[in-house]
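*Asks:* One predicted model, sequence on top.
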Amino acid sequence: MNTKQCDYVAGCTGQFNSNSGQEVAQLETDGESRRSFLTKMIAAGAATAVAGFPYIRARAAEPTPIKFGLLEDRSGNFSIFGINKWHGTQLAIKEINDGWTLEGGVQGPGGPGVFAKVAPKPPTANIKEVVDRGGDETAEDTVWNEEDEYLIKSGEKGVLGRPIELIAPDPQSDNTQFQALSRRLILDEKVDVIMAGFASAEREAIRPIMNQNKMLYFYNNQYEGGVADKYTFCTGAIPEQQIVPVMQYMIKNFGPKIYTLAADYNFGQLSAAWTRAMAPILNAEVIHEEFIPLSVSQFSSSISRIQEAKPDWLMMYITGQNHSNYYPQADAAGIKIPMGSSINIAQGYEHRRFDPPALARFHVTASYMEEIPTPRNRKFVERWRKMFPDEPYMAMEGHSAYVATHLYAKAVRLAGTTDKETVIKALESGIGVEAPSGWVFMDPATHHLSQYIRLASCDEKHNITFVTEWPYIEPWWTRRLGVNLVRHPESKQYIPDDDPFFKMFKKKEQS
Amino acid sequence: MSLGYVISLLYQYVDNVAFLLLAALGLMLILGVVNVINLAHGELIMMGAYITTLAYNRAHIPLALCMVLSILGVGLFGMLLERLVIRRFYDDKLGALVATWGIGLILSQGTLLVFGPSMQAVSLPSWTFSYGGYSFGGYRLLLFVIAIVVAVIAWWTFYYTRLGVRTRATMQNADMARALGVDTRRIYLLTFGAGSALAGLTGALYAPTTTIVPLMGNQFVDVAFITVVIGGGTNPIVGALTSAALLSLIATPLSSTLGTFIGRIGLLIAALIVIRFLPRGISGYFQDIRYRHMARVRS
């Protein structure tokens, strides 16, 4: 309605279309006065239109929103994760539309240094202690900084003066729904970007559709790694950032005999393949592997097999709500074996859902957990709780969704347009943001994030401590296989079997 | 093969039987007597689990009492359902199928809207004992004992009470039973209530062992249907008992030696074979044998 009325008013359109940075900034900083000003102008416009002043100079000022498609499971087997991710996206979009952005930009690796002061050593043991202690600054030592807030004013509401509009139907944890809704978002809604999917099966169901339509697609989830796709950007953690570190830690602290319990679909199979491939390199051995169909919820036979095999520790790749029943059942059966994982508790907050000590001795390498004690994360948790007071836990993938949304907004601002090819170029420019977890950086060659990874350990009372931190792990594996999406666009998923290096070590183990 | 391993196998067997029996008994009772396939069965189980969990976590009632609350709550809800909806579909079996399915959808999605995607579970009383390098959960054995007790109570009600006689009469020939003064509507109402109460009991018993989520009923429903199909609706109690015992006998050694996946496949293949040769299920086969025997005696 506003648009139409404004069309007839020279004064109105002129003023809003001039779009000079100064004026926009002035109008944006004071939303209240802008609104009242607008109403006045519209009233005036209506009056003049009625009076019959037909000058038309330019199109209306009311900006068309940026259409943001989101497909996250709000019902079904994966709703625990999907609702959290949906909330993460909503929070980021609200912040962007309110005129905020995460600090960052095109900086390249070493980004944290840009805002840093110099600290005596990196906080690898317990970040809170180091931050609180401070320490003498020296000129030569490692650069480190911890500010309490990285959310800064962007200077405009929305992006490029356009608000972001969220279009988020519920795909119900159903792969065919994902496909149908993806087509709807692309063809009917004509969205500018799609962020979608929890399970790898969901991602692989829609990735071909995204490619066919040249749609910019974000997969905001930790997964089994290996996707090399010109149109896909992955903001979750991957095996080289999670599986390798957690295996190192578990082997060092508990021993070399590993028992893998994995969900029977592409994520579980490929993550187990990673564990199998890395074990000989780390002087360990996978003594048994078991793959559990997603529909299974009773684990008495698995539990007795584990007791029979007597491993030093368990590698857990089970997922979904049926599988999480394993923990109370194993606890009730008296299994006291340490566990390592790349997903559980960080993704599905099992340590909050089950009474202690079902998740005791659990270790996970996570790109984010609510318990991260840094000041900036506490600020983030505060903002989230304010918007979603009933949220039970802020999980790893909710954070990935939040970061991805801010990253996308930054890339659009850099590109100066929502045109997908240009935004992809902006995302490939070496762009990063200060996420609540730490500095993350979009690797141009692989379209994956360099992440701040922490190893969380869960105790008998289900308290989380971060025993080790890796402030910057790059997505190096597909790069090692020669993937460079800037130079050579492709669309495939590499698996550990594609890596001759792993095969070489496997042979050695067999002989 | 050590003694510890044998005991571990036995424990797994007993655990499987309890799960199948508790999951299927309510469904089977309703199918056998009322002749309605209740597709909301999983959601009724979910309701039972939610009532127990909410009562335990929020009102701090002792766990056993919470479970009684679940049985009563879901039982009454089932009777209400029969009164308001199911009753209208006795002449329309497919309609009943769709109606109960719709009720199931409303229940699970409504729960998601009201209580969110997940809830803190009830903590499991951790009685464990170990033998020969294996440790076992005491609560799982209790589940088995309860499952057997429930089956015995149901069997006793079926064969040794007036209500049981009337129910069996209604099952065999509803028109004739009505002619003889049996209030079949009341029998249907009570049976649907009892089946729902059994679902509530199952949900309550398994609440401490599983994740409390709106779709938790699904984990019970697929195995429940296999059990029901194999048992057959001719005699709900005998059918449920024999079918749970047989299926566990196939699935336990398979999943214990070859893995959970193979165990699940074994279950499905067993179901295929049984349906091929005994289309009316095990209890239907028993009935056929009895009829044949009676015919032979008479001639």
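*Replies:* Received it, and whenever you're ready, just let me know what you need. Predicted model, so just to flag it, every value in this text is computed and none were measured.

*Asks:* Mind jotting down where the strands sit in the stretch 51-200 of chain B?
*Replies:* B:128-131, B:134-137 (DSSP state E, counting those that start in this stretch).

*Asks:* Report all helices and strands that the last one contacts.
*Replies:* Put plainly, it is strand B:134-137. Applying 3 or more CB pairs under 8 Å, 6 or more residues apart in numbering or on different chains; DSSP states H and E, we find strand B:134-137 packed against helix A:300-309, helix B:3-34, strand B:128-131. Quick note: C-beta positions are derived from backbone N, CA and C, even for glycine.

*Asks:* Quick one: mean pLDDT for the helix or strand following the first one?
*Replies:* It refers to helix A:300-309. Of the helices and strands lying after helix A:300-309 in sequence (DSSP states H and E), the nearest is strand A:313-317. Strand A:313-317 carries an average pLDDT of 95.

*Asks:* Please apply the same query to stretch A:92-105.
*Replies:* The model assigns stretch A:92-105 a mean pLDDT of 92.

*Asks:* Same question for stretch B:245-264.
*Replies:* Rounded mean pLDDT across stretch B:245-264 is 86.

*Asks:* do it and chain A meet at all?
*Replies:* Yes: using CB under 8 Å from any CB of the partner chain, we find that stretch B:245-264 touches chain A at B:252, B:255-256, B:259-261, B:263-264.

*Asks:* Buried ones in stretch B:168-177, by neighbour count?
*Replies:* For stretch B:168-177, a neighbour-count test (16 or more other CB atoms under 10 Å in any protein chain shown) marks B:168-171, B:174, B:177 as buried.

*Asks:* Can you give me the end-to-end span of it?
*Replies:* With CA to CA, to the nearest Å as the measure, stretch B:168-177 spans 9 Å from end to end.

*Asks:* Likewise for stretch A:148-159?
*Replies:* 25 Å.

*Asks:* to the chain's geometric centre, what's the distance from that stretch?
*Replies:* With CA atoms, centre = their mean, to the nearest Å as the basis, stretch A:148-159 stands 19 Å off its chain's centre.

*Asks:* Show me what the helix or strand harbouring A:G340 is packed against.
*Replies:* Counting by DSSP H and E, the secondary-structure element that holds A:G340 is strand A:339-341. Counting contacts by 3+ CB pairs under 8 Å, 6+ apart, strand A:339-341 packs against helix A:239-254, strand A:313-317, strand A:362-366.

*Asks:* Contacts for the first one, please.
*Replies:* Contacts of helix A:239-254 with the rest of the structure, by CB atoms under 8 Å, 6 or more residues apart in numbering or on different chains, involve A:222, A:224-225, A:258, A:271, A:274-275, A:278-279, A:282-284, A:312-313, A:315, A:338, A:340-342, A:363-367, A:451, A:453, A:455, A:467-468, A:470, A:473-477.

*Asks:* so how far is chain A from the nearest residue to B:Y206 once chain neighbours are set aside?
*Replies:* The spatial neighbour of B:Y206 that comes closest, neighbours along the chain excluded (CB to CB, 6 or more residues apart in numbering or on different chains), is B:A49 at 6.6 Å. Going from B:A49 to chain A by CB to the nearest CB, to the nearest Å gives 12 Å.

*Asks:* now the angle from the host helix or strand of B:A49 to helix B:3-34?
*Replies:* Secondary structure from DSSP H and E places B:A49 in helix B:41-58. Helix B:41-58 and helix B:3-34 are oriented at 110 degrees to each other (axes from the mean of the first three to the mean of the last three CA atoms, to 10 degrees).

*Asks:* Near chain A, which residues of the stretch 51-200 of chain B are found?
*Replies:* So far as CB under 8 Å from any CB goes, the stretch 51-200 of chain B lies against chain A at B:108-109, B:112, B:116-124, B:126, B:128, B:130, B:133-137, B:139-140.

*Asks:* which among the residues you listed end up buried?
*Replies:* B:108-109, B:112, B:116-119, B:121-124, B:126, B:134-137, B:139-140.

*Asks:* Out of the helices and strands packed on strand B:134-137, which one sits most buried?
*Replies:* Sort these by mean neighbour count, taking mean count of other CB atoms under 10 Å in any protein chain shown, and helix B:3-34 sits at the top with a mean of 24.

*Asks:* tilt between that helix and helix A:300-309?
*Replies:* 180 degrees.

*Asks:* Give me the distance from helix B:3-34 to the chain's centre.
*Replies:* Worked out by CA atoms, centre = their mean, helix B:3-34 lies 9 Å from the chain centre.

*Asks:* Also stretch A:437-451?
*Replies:* With CA atoms, centre = their mean, you get 10 Å for stretch A:437-451.

*Asks:* As a check, name the ranges of all helices in the stretch 51-200 of chain B.
*Replies:* B:63-84, B:93-115, B:138-160, B:162-172, B:174-179, B:184-206 (DSSP state H, counting those that start in this stretch).

*Asks:* With mean pLDDT added, can I get the ones you listed in a markdown table?
*Replies:* As requested, the helices of the stretch 51-200 of chain B are exported to a markdown table (pLDDT from 0 to 100):
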| stretch | mean pLDDT |
| --- | --- |
| helix B:63-84 | 94 |
| helix B:93-115 | 91 |
| helix B:138-160 | 91 |
| helix B:162-172 | 90 |
| helix B:174-179 | 90 |
| helix B:184-206 | 94 |
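
*Asks:* out of the ones you listed, deepest packed?
*Replies:* By mean count of other CB under 10 Å, those have helix B:184-206 as the most buried, with a mean of 25.

*Asks:* sorry, back to before: for the strand holding A:G340, the averaged confidence score.
*Replies:* 95.

*Asks:* re the thing from before, so which of the helices and strands packed on strand B:134-137 gets nearest B:F286?
*Replies:* Nearest to B:F286 among those is helix B:3-34; the distance by CB to CB comes to 13.2 Å.

*Asks:* That closest one versus helix B:93-115: what angle between them?
*Replies:* Using the same axes, to 10 degrees: helix B:3-34 against helix B:93-115 is 120 degrees.

*Asks:* could you give the mean pLDDT of helix B:3-34?
*Replies:* 89.

*Asks:* Any idea which residue is closest to the centre of chain A?
*Replies:* A:S400 (1.6 Å; CA atoms, centre = their mean).

*Asks:* secondary structure element for it?
*Replies:* Assigned by DSSP H and E, A:S400 falls in helix A:396-415.

*Asks:* so which strand or helix has A:L449?
*Replies:* Residue-wise, A:L449 maps onto strand A:449-458 under DSSP H and E.

*Asks:* so which of the helices and strands packed on strand B:134-137 gets nearest A:D355?
*Replies:* strand B:128-131 (15.4 Å).

*Asks:* Wait, B:Y50 touches B:T111, no?
*Replies:* Yes: B:Y50 is in contact with B:T111 according to CB atoms under 8 Å; the separation is 6.6 Å.

*Asks:* picking up where we left off before, just the buried subset of the contacts of helix A:239-254, please.
*Replies:* Here, 16+ other CB under 10 Å leaves A:222, A:224-225, A:258, A:271, A:274-275, A:278-279, A:282, A:284, A:312-313, A:315, A:338, A:340-342, A:363-367, A:451, A:453, A:455, A:468, A:470, A:473-477 buried among the contacts of helix A:239-254.
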